[in-house]
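>>> predicted model and sequence follow; I will ask about them next.
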Amino acid sequence: MARALRAAAGNAIGLFSRLQAPIPTLRASSTSQPLDQVAGSLWNLGRLNHVAIAVPDLEKAAAFYKNILGAQVSEAVPLPEHGVSVVFVNLGNTKMELLHPLGRDSPIAGFLQKNKAGGMHHICIEVDNINAAVMDLKTKKIRSLSEEVKTGAHGKPVIFLHPKDCGGVLVELEQA
């Protein structure tokens, strides 16, 4: 019995090592268009800038990311023009924004009424030409939540795309 188990284990290890064989990397040639460029477009999609999480208790959420997970966490920053207080969580390759309502007209207050425990509010993706992106997306019938680009929490131009046109996700585009 023990010999059979050792043999089976040896076969499994051999199979596992074959599964770990390197996968060839595909490289785009210089004549091909970047994977993140829209054909015929004057704008390019960039990196994920942040994921925004609506939280009912900003101090508690910030303490979790700082004290439990060990992330670098900012102090709370009130942004009355956006109706939120924000804590920025640096994750190295991207950021998270912890959002808490500031004032009665906060868009986050309504979100938290529907989602008492909080949750993902939106994702933010950088673009290299936000005005061209907005014009192009309008021609593709992608709605935005505002008619014009606004200044976002990072002091850069932003626009939010309607979640019904984006697979149920609220997408913020931010000028890189």
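Okay, I see it. Numbering: from 1, shown residues only.

>>> skipping adjacent residues, who's closest to L48 in space?
What sits nearest to L48 in space, not counting adjacent residues and going by C-beta to C-beta, 6 or more residues apart in numbering, is T94, at 5.2 Å. Heads up, the C-betas are built off the backbone N, CA and C, glycines and all.

>>> so that neighbour is in contact with V51, correct?
Yes: with contact defined as C-beta atoms under 8 Å, T94 reaches V51; the gap is 7.2 Å.

>>> return the helix or strand in the protein with minimum mean pLDDT.
Within the chain, no helix or strand scores below helix 2-19, which has a mean of 43 by mean pLDDT, DSSP states H and E.

>>> what residues sit buried inside the helix or strand that that helix is followed by?
Next helix or strand after helix 2-19 toward the C-terminus (DSSP states H and E): strand 45-54. Residues of strand 45-54 classed as buried by neighbour count (16 or more other C-beta atoms under 10 Å): 45, 49-54.

>>> for stretch 122-131, same thing?
Buried residues in stretch 122-131 (16+ other C-beta under 10 Å): 122-127, 130.

>>> hmm, back to that, pLDDT score for the residue nearest to L48?
pLDDT recorded at T94 is 95.

>>> what of H82?
So, for H82, pLDDT stands at 89.

>>> next, it: secondary structure please.
coil (DSSP: H, G, I helix; E, B strand; the rest coil).

>>> and for the nearest residue to it once chain neighbours are set aside, the neighbour number?
Closest residue in space to H82, ignoring its immediate chain neighbours: A153 at 6.3 Å, by C-beta to C-beta, 6+ apart. Residues near A153, counting by other C-beta atoms under 10 Å, number 20.

>>> what's A153 in contact with, if anything?
By C-beta atoms under 8 Å, 6 or more residues apart in numbering, A153 lies in contact with 77, 79, 82, 84, 86, 97.

>>> what residue ranges in the protein score low on pLDDT?
Scanning the chain for pLDDT under 70 picks out the ranges 1-40.
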